[in-house]
Every structure is written in structure tokens, then in C-alpha cells.
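# sharing a model prediction with you, sequence too.
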Amino acid sequence: MAILRNTHSVCPICLKQIPALLESDKDNVFLRKHCPDHGEFSCLVWEGTPDLETWTSNRFPLAEPEDRPPETCPEGCGLCIDHLQKSCTVVVEVTEKCQLKCPVCFASAGDGFEPDFYVLEKLLHDVHRKAPGAILQFSGGEPTLRDDLTDLIRLASSLKFPGIQLNTNGLKLAQESGYGQRLKEAGLSWVFLQFDGLREATYTTLRGRQLLTDKIRAIDACKEAGLGVVLVPTVVKGVNDDEMGDIVRFGLSRFPVVRGIHFQPISYFGRFPEPPCDEMRLTLPRIMRELVAQTDGMASLSHFRPSRCEHERCSFRAVYLVESPDKIIPLTSEPCCCNGRSSDEGFQSSVESIRRRWGADISPKNCKKQEKAPQEMDAQAEEAFDRFIRLYERGSFSISAMAFQDGENLDLERLRFCCIHVAAPDGRLIPFCAWNLTARNGRALHRHR
């Protein structure tokens, strides 16, 4: 056992800040910590190839000096002067209501509170002032349950956020004709669509009912409206971790309307079926390796890069040009925010990259033009350079993943580099994983406080 890093975490029972160690055991890395009141805890955080040292740049050392967060972190969150990254995306939760009762839910949504429009109007102005240049995400609960969502989007559009994203289960898009068009006309940039797989059994397990038909109808509605879609699977070992390659292929078959896949391995906060164990953890390197295997090498480990903005142990991404659903070309030359970039440069680069990839203009006529048969398009492109330009003009497709932290694996070094922040009702901007953090008994650190 070798110590890689001294850091801090929280006790998963009382949520108090405690010292922690990153320790390697052969090919695996564990976060180990001791609470004087509740004992020892250990959690798998990295697993196999690519190994952590290779993956990590000099922005995030694996050895001394020890990371020392403020004593009030994370309970006193609100982007203190010790926070090390700006807001790349700010999440505004417009309702706690949801028409589903998913066994797996970040927000434990269902029947709940819904803030008044004028409260949210003030909050949006506050977010714009505190996080200039950030992408805005409307979330919940299920935000489409608000009758005034288009008015909120129109207001956000008038404030000139560089991108406005809707996080949704897609049911209203699927079931209400013209709804997607109204969202687009109000100023929505793209849709983050909950999309867990291509088997109804997956939805029954994770969402409590069969939903695949509605998911496909929601994508079709976005296509008709000219809205780009990012598919967002919550991945659970033994449920849908064997569907990742099929989800990628499905997304490519729906390109350019589907702009990418953003995998989210299950994190144990909010509502979840059972306490976590290492055997159920899906680490970022395991997801990368599974994507390579399940796409038959169409994706490669060499394609994946750490984040431009947040901590490198939080996420990965790969960006591709799409020649056909079974032929993609990696854009591996895109820089990340490591290697000397300041937090300002990383933030600006990340926002622009997201806006360009996920917020590309997707109009019905462009989709029709771009969906020519590959052989017809090949006949039109006589030279390699022309072919590259033609593919580039279609836009890119991304495969990414975000490993959110919970009470078991929370590393405060990672949290202090978080660039995805939730706008609390009192106006504070709180890192996403701190906002959703819950103890083993379900007690929340920030939500509903």
C-alpha cells in the first residue's frame, strides 16, 4: 500500500470534515479516512488502466503538499475565496415536482415545493451577476412540469447566457405536440435527456416504468424543433453497464440531432436502492475500458481526455467527427485546461467547447441536408480536405462521463475545483456534489436546509 496524496473528506455518517488519504493497492486507488466518532472508511476511487498517475497532470499533484481546505468546507459552501474554479455551468432547480418516482434520483424528487416565478426571476439575475459567462441549466425535479418554463427560458435568453440547457426526462416533449418548438423559440439551446438504455427492463429498474418509446419520441420532437440532444444515462453495474456501447451506436445513428452521450455512473446521494460497496462502483477508467470493448474499438483509450475545467478525477471526454454511424474520427488535438492554463482560461475554454459541441444550430432543413447516405456524400467529396471540411461543418459528437461524489468518496480537493454549481434559493452558488451530499441516513448537508 502506497500513499499517493493527503487530502480531506467527510464522514459518511455525520458529514463532518475529516482527514483522508489516497492510497494505491496494485492497480487500484482507494480513499481511506477515519472519523473519531464513527471509525474507519474506505472507498474505491480509481481502477486499473489508464492508471491515475498517467491520467493526472501537474495541476493536481499526487503527493505533498497536503491539500488543506477551510475548516468550514463543505458545510459552509457558497464559493468561498478558497474555491479554485469559476462557474462553468450553473444549475437552477425550478421545481421539486416530478411525474416519475425513480428508485434512483439525485434530488429525491416527487411531490414537492415549486418556487414562485418572481423568486426565480430574482435568482436568475443574481446568477447572471455572480457567474457571468456561465452556461445555465434548468433542472428539478422535472422542470417541464412548470407551465411558465418558456417564460423562464425567455428571461434567461434576455440575460445573454452563452447556453441554456434543459435537464429533463423528456415525457412532455414526447407527449405534447409543438412543445419542443416553443422551448426553442423561447431561447433554449439544447436538451439534456435522461436516457438510460435501449431495454425496457433498464427503465423499469431505474425509473419504475417502461419509458423507451417516450425517450425516442422526445428525440424526434427535438429534431422537429431543431434542438440538439445530449443523451444522459445513469449507469448502474449489473443493470445497464453492458448497454454503453449500444447507447453510443444509437446516438451516432441519430446524429446530428444527438450531439453526444454523457454517462453518469450512479452516485449514492438523493434516492438510491441500497448502500454502496466497492463491487458496485463504476469508476471512470472502467467506463473508458468498457466503452472501448463495447464499441469494438471504435472508441479508444487514447481518445479520452481529462476535463478542461473541473478536477481530472471528475470526468473525461472524447470528441469526434462523424462519417457514418460506424465510423468516427477522433479530434484528439483539442487542448484541455491543464498544463499551465489559468482557471479563467480553463473556464472560458470549457464554456466555448460545450456551447460549440452541444449548442450547434440543428434546424430541420440542416438535419435533412446532413442525413444523406454516406456513399452519396462520399461521391460529392472528391478530395480528402473537402471531405474533412464537410464532416467538420456537420459538427462534432462527444462521448463523456461525469463521476459525481457522495459521502463515501468525497475528496475536498476535487470539490474545490468543481465548476458545476447549484444556485441555492438564498443566492449562494454551491458545488453540485456538496449541494446533493447526503449522509447514510439520508440527511442532506445543503438541500432543504
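Perfect, thanks for sending it.

# distance check, residue 68 against residue 217.
Counting by CB to CB, to the nearest Å, the gap from residue 68 to residue 217 is 51 Å. Using the backbone N, CA and C atoms, a C-beta is placed for each residue, glycine as well.

# err, residue 138, not the other one
Counting by CB to CB, the gap from residue 138 to residue 217 is 21 Å.

# ok, those two, which is more surrounded?
Between residue 138 and residue 217, counting by other CB atoms under 10 Å, residue 138 is the more crowded of the two (26 against 15).

# and what about that one, helix, strand or coil?
Here residue 138 is recorded as strand under DSSP: H, G, I helix; E, B strand; the rest coil.

# which strand residues bridge it?
Counting by DSSP bridges, residue 138 is bridged to residue 92, residue 166.

# so what's it up against?
92, 94, 149, 152-153, 156, 164-167 (CB atoms under 8 Å, 6 or more residues apart in numbering).

# could you dump those to CSV with pLDDT and neighbour count?
Formatted as CSV, those follow (pLDDT from 0 to 100; neighbours: other CB atoms under 10 Å):
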residue, pLDDT, neighbour count
92, 98, 19
94, 97, 24
149, 98, 23
152, 98, 22
153, 98, 23
156, 97, 24
164, 97, 22
165, 97, 24
166, 98, 25
167, 98, 21
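
# list just the nearest of those to residue 118.
Closest approach to residue 118 among the contacts of residue 138 (CB to CB): residue 152, at 11.1 Å.

# which residues touch that closest one?
Contacts of residue 152 (CB under 8 Å, 6+ apart): 94, 117, 120-121, 124, 138, 146.

# of the residues you listed, closest to residue 184?
So of the contacts of residue 152, ranked by how close each gets to residue 184 (CB to CB), first place is residue 138, at 13.9 Å.

# what about the closest one, distance to residue 120?
Taking CB to CB, one finds residue 138 at 9 Å from residue 120.

# for residue 75, same thing?
With CB to CB as the criterion, residue 75 and residue 120 are 26 Å apart.

# same question for residue 27.
Distance from residue 27 to residue 120, by CB to CB: 47 Å.

# next one: residue 140
12 Å.

# let me know the pLDDT of residue 322.
With respect to pLDDT, residue 322 scores 93.

# look up the closest residue to residue 130, ignoring the ones flanking it.
residue 429 (6.0 Å; CB to CB, 6 or more residues apart in numbering).

# swap in residue 234?
With CB to CB, 6+ apart, the residue lying closest to residue 234 is residue 264, at 5.3 Å.

# all strands of the stretch 1-150 of the chain, in order?
2-10, 17-25, 28-35, 39-47, 89-93, 135-139 (DSSP state E, counting those that start in this stretch).

# could you export those strands as CSV, including distance to residue 437?
What follows is the strands of the stretch 1-150 of the chain, written out as CSV (distance: least, CB to CB, whole Å):
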stretch, distance to residue 437
strand 2-10, 7
strand 17-25, 12
strand 28-35, 15
strand 39-47, 14
strand 89-93, 15
strand 135-139, 17
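
# now do the closest residue to residue 149 other than its chain neighbours against residue 256, distance only.
Setting aside the residues directly before and after it, residue 149 is nearest to residue 143 in space (CB to CB, 6+ apart), at 5.8 Å. Distance, residue 143 to residue 256, by CB to CB: 25 Å.

# which of the two has more neighbours?
residue 143 (23 against 20).

# for the nearest residue to residue 447 once chain neighbours are set aside, give me its contacts.
Distances taken as CB to CB, 6+ apart place residue 435 nearest to residue 447, at 6.1 Å, with adjacent residues excluded. Contact partners of residue 435, counting by CB under 8 Å, 6+ apart, are 77, 422, 424, 446-447.

# residue 292 too?
Contacts of residue 292 (CB under 8 Å, 6+ apart): 299-301.

# using CSV, list the CA coordinates for the helix or strand where it lies.
Residue 292 is part of helix 284-294, with elements assigned from DSSP states H and E. Coordinates of the C-alpha atoms in helix 284-294 are reproduced here as CSV (Å, rounded to 0.1, in the frame of the first residue of the first chain):
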residue,chain,number,x,y,z
LEU,A,284,-14.1,6.4,-14.8
PRO,A,285,-11.3,4.1,-16.0
ARG,A,286,-13.6,1.1,-16.0
ILE,A,287,-16.2,3.1,-18.1
MET,A,288,-13.5,4.0,-20.5
ARG,A,289,-12.3,0.4,-20.9
GLU,A,290,-15.9,-0.8,-21.3
LEU,A,291,-16.6,1.8,-24.0
VAL,A,292,-13.6,0.6,-25.9
ALA,A,293,-14.7,-3.0,-25.6
GLN,A,294,-18.4,-2.4,-26.3
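
# the helix or strand following it pairs with which strands?
For helix 284-294, the succeeding helix or strand toward the C-terminus, using DSSP H and E, is strand 305-306. Strand pairing for strand 305-306, using DSSP bridges, gives strand 315-324 (antiparallel).

# ok now the partner strand, how far from the chain's centre?
16 Å (CA atoms, centre = their mean, to the nearest Å).
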